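**Q** below: sequence and its predicted model.
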Amino acid sequence: MLKSSYPGTFADRGVGHTVAGYSVDNMDAATLRPERASLHSPANGSGQRVRERVFSPAIDLHRAALVLLLAVALALRLWGVKQGLPYSYNVDEATHFVPRAIAFFTHDLNPQYFLNPPGYSYLLHIVFELWFGSGDAATRAFTVDPTEVFVVARVVAALLGTVAVWLTYLAGVRLFGRTVALLGAAIFGFSYLPIFYSHLALNDVPTLAPVALSLYGISGVLRRGWTRDYVLSGFAIGLAAATKYTGGVTIVCLLAAAACDGAGGAALIALRRTALALLASVLAFVLANPYSVLDFSAFQAGIATQQSLAGGGAPVKLGTMSSSGTAYYLWTLTWGLGWAPSLAAVGGGVLLAVRRRLTMALVLIPTPIAFIIFMGDQQRFFGRWLLPIFPIVSLLGAYGTVEFVRWLVRTRHVPRLAASAVAVAVLLSQGLASAIHNDSVLSRPDTRNLARRWMVAHVPAGSKVVIEPIVEDNWATDIGRSLSATASGARWQRFPTWETNIDQRGNLLPAGERRYVVVDEYERTLRPALLAQYEAGRYCWVVVGSLQAGRSFAQPRLAPAAIAYYAALANQAKLMYHVSPFAGTRHAVPFSFDWSIDYYPRQYERPGPEISVYRLLGGKCAPNYAPLHG
């Protein structure tokens, strides 16, 4: 039987450790490299595995804890999953993945769009076919009432997010043993950002499943150096990159593990196996993204556009407050993962280096550091872009915490149960508290739904309205119904906020010319003169949302015309309706590209931005001017 005299000795090497007299880690000799197995297990020519069999309450408790962890992690990801529906208020969810998965039913499988890889869309396409029974049924459901379609897509994301927690646990068992693995999976499973984005049909959380699978394979490369572990890790890396390009970041871990594998004199063998892994990665990427080859020119153009947008080829987004992306991502870790897990991860990394466990350190430490620096060097940064390194950081945090508890027990004689309980509470409390608060927020009506409900009751069908780009186009329609009040069948006629007659410097374009305006540039097109233009065209209702207006007020010096526009609107129009997402008299959350959309701050009572509906009173919008709509 393999058992260490000191709890940390063999546990650190993934073999096993004891807690309070019970063995809680099972590891067979075959999981070690052959040369290591010869040192710690009986030699037998058949290579038969030697498995430790211990029947104790600790093992049952451990398994029960894992099942409970996965059940709670899934529940947190499903609570509030219907937020906002039937309208999707996340622009990426509304336009990128679900609609493209549905569109595959009516044309070929070429996404004709490669800013995001299509792996998740292809998966949804298959799931929709199975769930609805046919492509026609899925398309009809999406057209008549997309609620069920989005719920199915979000549940898929939630399930994959839970699978990622389980795979992180399996990787942790190989790397550190069961105790660290369970705690690391709990940190990851209960951290805020993965839970929040499991509620949306985006590719960020689904990417985490193959990312964690790649870590499982890489841990096998580090422990055993077997060919199948190389191939598995490579395949998972390709699959992750085909779901979200940055998901391929664990290739850094694989190359480090391969270098460690070949350092003992087997460099040529390690090199051949690495080549197999890279081949498996390419094959997986092409299988999940076949038109990266079949339509290579479009794929290349999409990659170039994505690099340009992220790296500085587009104007800086108004409202971007941080000047350092690296600092922004370090800040993100403090709330997206949690202060205690983040600090514990630093401690775990230092401990790996101090103990001269260079192979483990080389595999786990450089990747998150390099990723943060690389992503921080881009022009745009969002908290969810940090998710691919969460499994690694969670495991490092768990390792640092477990070793700290063992140190307290061994040298300070702190009771093991008390030290463990306090450590778990400190590590998990921030994530659990914020996730529960967020889920309760998501389970309530979105402010945009409430504003629309008021408008249906008070703004006549056929009225001309100005709606800031805080909602998708279908918000002005009754989904599944075509009304006769407008030529398009929508409930209201929308002012084309996606067009403008001024150039990017604020100068008027030649008469009759207009240019397209992306959402991020809308605030830069606003000016007080627009109000007279609205009134002349009988666009008498103006809907303002803090997701747009907040950008200007966050950086008023960069958008003085927009500030003047909102001041003129408040003076010349009557505020008819206002709804806030914040509880009671709590102060509003300053605009942020994260905290304005993911509702982490405690001030939030319901999802959505602040919404104000104004009624213009001048020109053709005057009360005595008829008709008031049409």
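**A** Looks like it arrived, so ask away.
**Q** would you mark the buried spots in the lengthiest helix in the chain?
**A** In the chain, assigned by DSSP state H, the helix with the most residues is helix 147-176. Neighbour-count burial for helix 147-176, with 16 or more other Cβ atoms under 10 Å as criterion, is recorded at 147-150, 152-176. For the C-beta atoms, the positions are set from N, CA and C on the backbone; glycine is no exception.
**Q** how far out from the middle of the chain is stretch 383-390?
**A** With Cα atoms, centre = their mean, to the nearest Å as the basis, the distance from the averaged C-alpha position of stretch 383-390 to the chain average is 7 Å.
**Q** ok, residues contacting it?
**A** In this structure, residues lying in contact with stretch 383-390 by Cβ atoms under 8 Å, 6 or more residues apart in numbering are 188, 191, 193-194, 197, 202, 204-205, 207-208, 211, 240, 244, 246-247, 249-250, 329, 332-333, 336-337, 367-368, 371-372, 375, 594, 598.
**Q** recalculate using a threshold of 6 Å.
**A** With Cβ atoms under 6 Å, 6 or more residues apart in numbering as the contact definition, stretch 383-390 has outside contacts at 188, 193, 197, 204, 211, 246-247, 249, 329, 332, 336, 368, 371, 375, 594.
**Q** quick check: Trp385 is in a strand.
**A** No - with the criterion set as DSSP: H, G, I helix; E, B strand; the rest coil, the secondary structure at Trp385 is helix rather than a strand.
**Q** which strands and helices sit next to the longest helix of the chain?
**A** Secondary-structure packing of helix 147-176 (3 or more Cβ pairs under 6 Å, 6 or more residues apart in numbering; DSSP states H and E): helix 57-78, helix 119-132, helix 135-144, helix 178-190, helix 204-223, helix 390-411.
**Q** tell me the mean pLDDT for that helix?
**A** Rounded to a whole number, the mean pLDDT of helix 147-176 is 97.
**Q** ok, now stretch 334-342?
**A** The average pLDDT for stretch 334-342 rounds to 98.
**Q** assign a three-state SS to Val613, would you?
**A** Classification of Val613 by three-state DSSP places it in strand.
**Q** for the chain, which spans come out with low pLDDT?
**A** 1-60, 310-315, 356, 585-586, 625-630 (pLDDT under 70).
**Q** go again using 80 as the cut-off
**A** For the chain, the stretches flagged by pLDDT under 80 are 1-60, 264-265, 307-316, 321-323, 356-357, 379, 504-507, 584-587, 624-630.
**Q** could you pull out the strands for it?
**A** Secondary structure of the chain by DSSP state E: the strands cover 18-19, 22-23, 464-467, 493-494, 499-500, 515-516, 539-545, 573-579, 611-616.
**Q** and those: which comes nearest Arg355?
**A** Between Arg355 and those, the tightest spacing by Cβ to Cβ is seen for strand 18-19, at 19.2 Å.
**Q** count of neighbours near the nearest residue in space to Pro607 that is not next to it in sequence?
**A** Closest residue to Pro607 in three dimensions, ignoring its sequence neighbours and counting by Cβ to Cβ, 6 or more residues apart in numbering: Asp446, at 4.8 Å. When neighbours are counted by other Cβ atoms under 10 Å, Asp446 registers 23.
**Q** use 723 as the first number from now on
**A** From this message on, residue numbering opens at 723, which makes the last subject Asp1168.
**Q** from Ser1302, how far off is Asp1168?
**A** As judged by Cβ to Cβ, to the nearest Å, Asp1168 and Ser1302 stand 12 Å apart.
**Q** need the helices for the stretch 1123-1272 of the chain, in chain order.
**A** 1138-1164, 1169-1180, 1251-1258, 1268-1276 (DSSP state H, counting those that start in this stretch).
**Q** could you do the stretch 923-1072 of the chain as well?
**A** Counting by DSSP H, counting those that start in this stretch, the stretch 923-1072 of the chain has helices at residues 926-945, 949-963, 973-984, 989-1010, 1013-1016, 1018-1033, 1047-1055, 1061-1076.
**Q** put together JSON lines for the ones you listed, with mean neighbour count and distance to Asn1293 on each row.
**A** Shown next, in JSON lines, are the helices of the stretch 923-1072 of the chain (neighbours: other Cβ atoms under 10 Å; distance: least, Cβ to Cβ, whole Å):
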{"stretch": "helix 926-945", "mean neighbour count": "28", "distance to Asn1293": "42"}
{"stretch": "helix 949-963", "mean neighbour count": "25", "distance to Asn1293": "52"}
{"stretch": "helix 973-984", "mean neighbour count": "22", "distance to Asn1293": "56"}
{"stretch": "helix 989-1010", "mean neighbour count": "18", "distance to Asn1293": "55"}
{"stretch": "helix 1013-1016", "mean neighbour count": "16", "distance to Asn1293": "53"}
{"stretch": "helix 1018-1033", "mean neighbour count": "14", "distance to Asn1293": "37"}
{"stretch": "helix 1047-1055", "mean neighbour count": "19", "distance to Asn1293": "36"}
{"stretch": "helix 1061-1076", "mean neighbour count": "20", "distance to Asn1293": "45"}
